[in-house]
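1. Here is a sequence together with a model predicted from it:
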Amino acid sequence: MAGSEYVTCFPEVREPLLNLKGGPGKNKRLLPAPFDTSGAHDLPGTRDLPDLPDVSEVETVRHFTRLSRLNYGIDHGMYPLGSCTMKYNPKITEEIAARLAPIHPADTEAMEPVLKRLAQLQDHLGKICGMDACSLWPAAGAHGELTGMMVISSALKSRGEHRRTVLIPDTAHGTNPASCTIAGFATKAIPSGKKGYLEASILRQHLDQDTAALMITNPNTLGIFEQEISAIAGLLHENGSYLYMDGANLNAIMGITRPGDMGVDCMHVNLHKTFGTPHGGGGPGSGPVLVRKDLEPFLPTPRIVCNGSGAYVLEEEPYPESIGKVHSCLGNVSVCIKALAYILSLGPRGLREAATTASLNALYLKNRLKKLFDLAYETPTLHEFVLSDTLQKEGGVTTMDLAKALMDFGFHPPTVYFPLVVAGALMIEPTETEPLEELDRFVRAMENIAAMSREEPEKTHESPLAAPVFRVDEVWAARNLTLTWPDKRIQPEEKGI
Amino acid sequence: MSYISHNGEDLRRILHAIGIEHPDEVFSTIPPALRCGADLAVEGPKDEESLRRELDFRPSRVVFAGGGIYCHHIPAVVGALASRQEFLTAYTPYQPEISQGTLQAIFEYQSMMAGLTGMEVSNASMYDGATALAEAALMALRIKGIRRVAVTRAMQPSYRSVLKTYLAHAEVDGIVEIPFDRATGQTELDALAASVGPDTAFFIQNPNYFGVIEPMEQVARAVSNTAGFWGVAVTEALSLGILKAPGEYGPDVVLGEAQSFGNPPGAGGPLLGFFCTRKKHVRRMPGRVVGLTKDREGSQAFCLTLSTREQHIRREKATSNICTNQGLCALRAAIYLSAMGPEGLKKTALQCAAGARFLKGLLMDKGIAPVFSAPVFHEFVIPMLEDRLNELKSTGIVPGVLVSGQYPEIPGSVLVTVTEMNTQEECRWLAANM
């Protein structure tokens, strides 16, 4: 056992909930007060003092700083979450996006250069994807899926057709069927072939006059390129159905191949995956939608247009076939500007190099790890691959144990138990920005865990030992639903609470 | 600029381990016909100074603009703490043992939002207020017997638009708009009573789009026993610092926009949708939610919970498709509320209300009366032609948001907003240049 690789945790103060800190009169903040408030007492229906924590500035800073130290971020180390593309987030993009902060969207003069850059991002995403038109307003990937499926629904209606079924391969993200349901479709899962990709012959059996679209992720969540994608697109188009592509894994192919050339009609991209914007611990992300020319009329409003005098403006009309608005304003504008800065920073060759290196890094890990862990599919993969706990399970060690054990070596675990087609899946995506030394450190950690699983399997059940808390009881949380703060903290001696 | 760390020796080692000679061999499974023949026609690569120079955005001028997105003071601690990489570059907290920072902060956000709105639970955030409204309508339509949606015409126009977009693809018997009184700017109570029944989910915005405070006691009396479901939208979260918690009127949901809590206007986004409801509806609630729990040793801990409602478990039967939401914006709201405290939030809300009254007084002195007579929070509609609005914008002051474009029945009208960021001097300048 190479115990020396365990991370040691500098002792942190266990931080209580904010409502247990401070007390009346602790907050001494001096606030802007330009007006005489005596005239404001005509307000009807006023309240008592809001029930909020009363803490000093220092207590606020200590509280959130201590909380931050209980987290793991990409600047700490590798974050190999499959299909999440946790790559390094360049600092310069943050600095540039911060310049947007004071601009109110009603300030048309200040907005003009912003719109010009958003138009440039639409153009560049179109070129990267080989698509004709783009809308930046969806605020996340799943929002992009929903917007895209609404576009397809409206296009079908305008053709006078009422196709209701969307086919989704069994390797798809859970958001795909959920988005289809909200867009008013029924979904049908179809099996991908034995080789881990969808075969045109399988698709053919499921196509009928009710098929609205196929929703496919390419490369898929096994990291495998959908090799029959052109034939699949042909079959769908012949049948009057659309091909929707979930662009979650675009990082693997940008600059190498374009969805538009594969026959994709509509797709979304995740700026917070492929284009290096931070995930923020759960957003804000951004999920622009891209379409071919024939679907452009259905894209959401407003549209960015360049008017007669060369200025960029927003237009709400006339777009009678548009699905309408999907966001109260302009989506996650600053995320879009970060993504543009990222694209400009890398340039065309840099994007291609990123895609190539993402696959190189993944293949390097796969080749070193496949001797120790079961590899789910033999088919060549690109930027990610899926292992399973088949070899470790005999000793009673599960994917969950393997994931938690990785924390004790200072890593965020891979995506676990997904895709659903692999029992006990561990889906690993290192991304292009991991240094070779970090990949090697990950391999050593996995080697240690494989050895531990053989020699002391019971030890893996206890992991993590070096994380800020021991293994968290998620079942207890669901059974004893507490979603707002209680009056006192749970103490180790009060296990029964 | 490249963010790849490998040098030539690293690359040779990697290629050797994989067993290939050239990096492009990794793409052997992509059919040649699909391969890009040439470099993409995108700009770059650019160095950092070029990016700084080219992506230069003009700073905003003096603004009296609101209408759902507001300019408020943000204490310096908000940006300093929220930009810590541990928060900024983390993923959604699926692995609770190494995500306690995000989880506890979001739990605190939920607690404070539930407290401010007077509701029992809050989710972890929504994309924005408009999608929060649309999701609330979808949630209501999943309750047996509810088939129609009614919304006040004084609800922010973009919210009604997004609602319409979402409901166009749902099973619903129609959307009814409840008119407002042309003199007061408040929702017409008679029309409200006539349009709402047990099959209806009803939504009202307070303060409404015109800044007018709705007669909430009467509204609650009119709908609480008749509507199948009802909700209050709050597009200016800062109003919660001084106005009675909407939950006290008894709605099923309180939702809206909390951008004002520590998030800048940001050229229109990211925004911060919030969604609060009653415990009885919690399993129907859209979006992520953080719950309190304990670890193996019994110590306090937090994790995402109620995931059996969610898309990764329930797939097509999920209560919503939301995955990534606005986590960092919710964190900023939590830090903001911690920095402001109860007195700070109340004082700032009062400053906004006082500022609006100060400007209104200056305008009245010049003979310019507001379009509506009912009391407002911090914004009000004044008569102003679109041309004049644009003229003033070109002089370096944004007097407000055009209303007549969305409300042809109020021609030549602009919504003017005053916050603690405006000064008396700015108000005098605006009044002098009307």
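-> Arrived safely, thanks for sending.
2. Disregarding flanking residues, what is the spatial nearest neighbour of B:Leu350?
-> Once flanking residues are discounted, B:Leu350 sits nearest to A:Thr37: 4.5 Å by C-beta to C-beta, 6 or more residues apart in numbering or on different chains. Every residue, glycine included, has its C-beta placed from N, CA and C.
3. For the one you found, give me its contacts.
-> By C-beta atoms under 8 Å, 6 or more residues apart in numbering or on different chains, the contact set of A:Thr37 is B:Lys347, B:Leu350, B:Gln351, B:Ala353, B:Ala354.
4. Let's see that with 10 Å instead.
-> By C-beta atoms under 10 Å, 6 or more residues apart in numbering or on different chains, A:Thr37 lies in contact with B:Lys347, B:Ala349, B:Leu350, B:Gln351, B:Cys352, B:Ala353, B:Ala354, B:Gly355, B:Arg357.
5. phi, psi of it?
-> The phi/psi pair for A:Thr37 (degrees, to the nearest 10) reads phi -80, psi 0.
6. Please tell me how far it sits from B:Ala354.
-> Going from A:Thr37 to B:Ala354 by C-beta to C-beta, to the nearest Å gives 4 Å.
7. can you tell me which helix or strand B:Arg388 belongs to?
-> Element membership for B:Arg388 (DSSP states H and E) is helix B:386-394.
8. Could you do B:Ala233 as well?
-> strand B:229-234.
9. for the stretch 101-250 of chain A, what spans make up the strands?
-> A:133-135, A:165-169, A:186-190, A:211-217, A:242-247 (DSSP state E, counting those that start in this stretch).
10. Out of those, which gets nearest to chain B?
-> Across those, chain B has its closest neighbour in strand A:186-190 (4.8 Å, C-beta to the nearest C-beta).
11. Next, the angle from that closest one to strand A:211-217.
-> Strand A:186-190 and strand A:211-217 are oriented at 50 degrees to each other (axes from the mean of the first three to the mean of the last three C-alpha atoms, to 10 degrees).
12. Not counting strand A:186-190 itself, show me its contacts.
-> A:164-172, A:176-181, A:198, A:202-203, A:205-207, A:210-212, A:214-216, A:420, B:315-316.
13. how does it look with 6 Å?
-> A:Arg164, A:Thr165, A:Val166, A:Leu167, A:Ile168, A:Pro169, A:Asp170, A:Pro177, A:Cys180, A:His206, B:Glu316 (C-beta atoms under 6 Å, 6 or more residues apart in numbering or on different chains).
14. so which of these comes closest to B:Leu402?
-> Among the contacts of strand A:186-190, A:Cys180 lies closest to B:Leu402 (C-beta to C-beta), at 37.2 Å.
15. And for B:Lys366, the neighbour number?
-> 10 (other C-beta atoms under 10 Å in any protein chain shown).
16. Contact partners for it?
-> Counting by C-beta under 6 Å, 6+ apart, B:Lys366 makes contact with nothing.
17. so can I have CSV of the strands of the stretch 101-250 of chain A showing mean pLDDT and mean neighbour count?
-> Shown next, in CSV, are those (pLDDT from 0 to 100; neighbours: other C-beta atoms under 10 Å in any protein chain shown):
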stretch, mean pLDDT, mean neighbour count
strand A:133-135, 98, 24
strand A:165-169, 97, 24
strand A:186-190, 96, 17
strand A:211-217, 98, 26
strand A:242-247, 98, 28
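18. Next one, pLDDT for residue 370 please.
-> By default, I'm working from chain A. A:Lys370 carries a pLDDT value of 96.
19. my question was about chain B
-> 98.
20. swap in A:Arg349?
-> Model confidence at A:Arg349 (pLDDT) stands at 97.
21. Buried residues of the strand or helix carrying it, list them for me.
-> Per DSSP H and E, A:Arg349 falls inside helix A:333-369. By 16 or more other C-beta atoms under 10 Å in any protein chain shown, the buried positions in helix A:333-369 come out as A:333-348, A:350-369.
22. what's the answer for stretch A:153-165, then?
-> A:Ser153, A:Ser154, A:Ala155, A:Leu156, A:Arg163, A:Thr165.
23. for the chain, which spans come out with low pLDDT?
-> All of this refers to chain A. A:1-13, A:488-497 (pLDDT under 70).
24. you looked at the wrong chain, it should be chain B
-> B:311.
25. rerun at 90
-> Applying pLDDT under 90 to chain B flags residues B:1, B:58-62, B:174, B:307-324, B:394-396, B:434.
26. Okay, helices next: where are they in chain B?
-> B:8-18, B:48-54, B:76-82, B:85-88, B:100-117, B:129-141, B:157-167, B:189-195, B:216-223, B:311-314, B:327-365, B:386-394, B:424-432 (DSSP state H).
27. and the fourth one, is it in reach of chain A?
-> Yes - Helix B:85-88 is in contact with chain A by C-beta under 6 Å from any C-beta of the partner chain, via B:Gln85, B:Glu86, B:Phe87, B:Leu88.
28. how deep is the residue nearest to the last one when sequence neighbours are not counted tucked in, by neighbour count?
-> The reference is to B:Leu88. Spatially, and ignoring its direct neighbours in sequence, B:Leu88 is nearest to A:Pro278 (4.8 Å; C-beta to C-beta, 6+ apart). By other C-beta under 10 Å, 28 other residues sit near A:Pro278.
29. Can you mark which positions in stretch B:411-426 are buried?
-> In stretch B:411-426, counting by 16+ other C-beta under 10 Å, buried: B:Gly412, B:Ser413, B:Val414, B:Leu415, B:Val416, B:Thr417, B:Val418, B:Thr419, B:Glu420, B:Met421, B:Asn422, B:Glu426.
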